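Novice: with the sequence up front, the predicted model follows.
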Amino acid sequence: MPVRSAITATEGVYFITFTCTNWIPLFSLCNGYDVVYKWFDYLKAQKHYIIGYVIMPNHVHAVIAFSNSGKSINTIVSNGKRFMAYELVERLKQQNKPLLLNELSQAMNNTEKKQGKLHKVFETSFDWKECRTMKFIEHKLDYMHWNPCKGNKLVSAPEDYVHSSAKFYILGVQGVYPVTSCMELNDIDLTGTL
């Protein structure tokens with residue numbers, strides 16, 4: 001069962017999932033996959049590690065090893081979602097998609113409107129699971145890598161989906177975005193303050 005409470009920890013390995021509002025395939029509609037990669041770049045610059053990921057047309061799964069930065073993981077992910085939301089809205093404006101922008105505006109609740117928000121790009125919360133064992137990490141990597149092969153079946157084999165780390169874990173070849181192998185986690189100290 002997904003957990004929707006806040007992550008108060010400042011370090012650790014987590015499987016996270018966040019979803020576009022109303023499951024709208026925003027990443028594919030505005031070719032926004034690179035927006036997630038920019039967030040990954042930011043995380044790496046802050047000494048965090050991308051262990052695995054899949055960017056679906058309407059949601060993102062990732063296993064991330066967060067180093068202690070003094071900020072809660074909840075804050076780090078929330079700030080990342082905010083950064084990505086601004087970029088995706090800008091692209092929708094540039095692509096002249098007023099109906100879609102209107103749908104994102106209509107999706108906001110009264111509290112969000114009072115806060116001055118104009119669009120709701122992502123669902124408010126995100127799902128997370130702490131990864132305490134290698135077996136659990138491998139299970140989550142397997143789960144997310146097979147995601148593009150289910151439902152709408154974007155590909156028949158996980159390693160064929162471009163916006164995923166499956167190619168690395170199955171074939172040993174880095175894909176579009178390079179990741180840190182889960183096997184390296186034993187050699188990484190996440191507890192030290194940066």
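Specialist: All right, it came through fine. Residues are numbered from 1 along each chain as shown.

Novice: tell me the buried residues in the lengthiest helix in the chain?
Specialist: Looking across the chain with DSSP state H, the single longest helix is helix 73-94. For helix 73-94, the buried set under the neighbour-count rule, 16 or more other CB atoms under 10 Å, comprises 73-74, 76-78, 80-81, 84-85, 87-89, 91-92. For every residue, glycine as well, the C-beta is placed using N, CA and C.

Novice: for this structure, which residues score under the pLDDT cut-off?
Specialist: Scanning the chain for pLDDT under 70 picks out the ranges 1-4, 192-194.

Novice: roughly how far apart are the residue of it most remote from its centre and Glu130?
Specialist: Counting by CA atoms, centre = their mean, the extreme residue of the chain relative to its mean C-alpha position is Lys114, 26.9 Å from that point. Separation of Lys114 from Glu130 (CB to CB, to the nearest Å) stands at 33 Å.

Novice: also Phe136?
Specialist: Counting by CB to CB, the gap from Phe136 to Glu130 is 9 Å.

Novice: would you put the C-alpha positions of stretch 175-194 in CSV?
Specialist: Presented in CSV, the C-alpha positions along stretch 175-194 are these (Å, rounded to 0.1, in the frame of the first residue of the first chain):
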residue,chain,number,x,y,z
GLY,A,175,20.6,4.6,-21.2
VAL,A,176,19.6,8.2,-21.9
TYR,A,177,20.3,9.2,-18.3
PRO,A,178,23.2,7.5,-16.4
VAL,A,179,22.4,6.0,-13.0
THR,A,180,24.4,4.8,-10.0
SER,A,181,24.1,1.0,-9.7
CYS,A,182,22.2,-0.2,-6.6
MET,A,183,25.2,-2.5,-6.0
GLU,A,184,27.3,0.6,-5.2
LEU,A,185,25.0,1.7,-2.3
ASN,A,186,27.1,-0.3,0.2
ASP,A,187,30.1,1.9,-0.6
ILE,A,188,28.1,5.2,-0.3
ASP,A,189,27.8,7.1,3.1
LEU,A,190,24.4,8.9,3.0
THR,A,191,24.6,10.0,6.7
GLY,A,192,27.3,12.7,6.6
THR,A,193,26.2,16.3,6.5
LEU,A,194,27.1,17.9,3.2
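
Novice: contacts for that stretch?
Specialist: With CB atoms under 8 Å, 6 or more residues apart in numbering as the test, stretch 175-194 has contacts from 11-13, 37, 40, 46-47, 49-53, 63, 65-70, 134, 137-138, 141, 162-168.

Novice: which among these count as buried?
Specialist: Neighbour counting by 16+ other CB under 10 Å classes 11-13, 37, 40, 49-53, 63, 65-69, 137-138, 141, 163-168 among those as buried.

Novice: and the helices in the protein, which stretches?
Specialist: 26-29, 33-45, 73-94, 98-106, 110-114, 134-146, 166-171.
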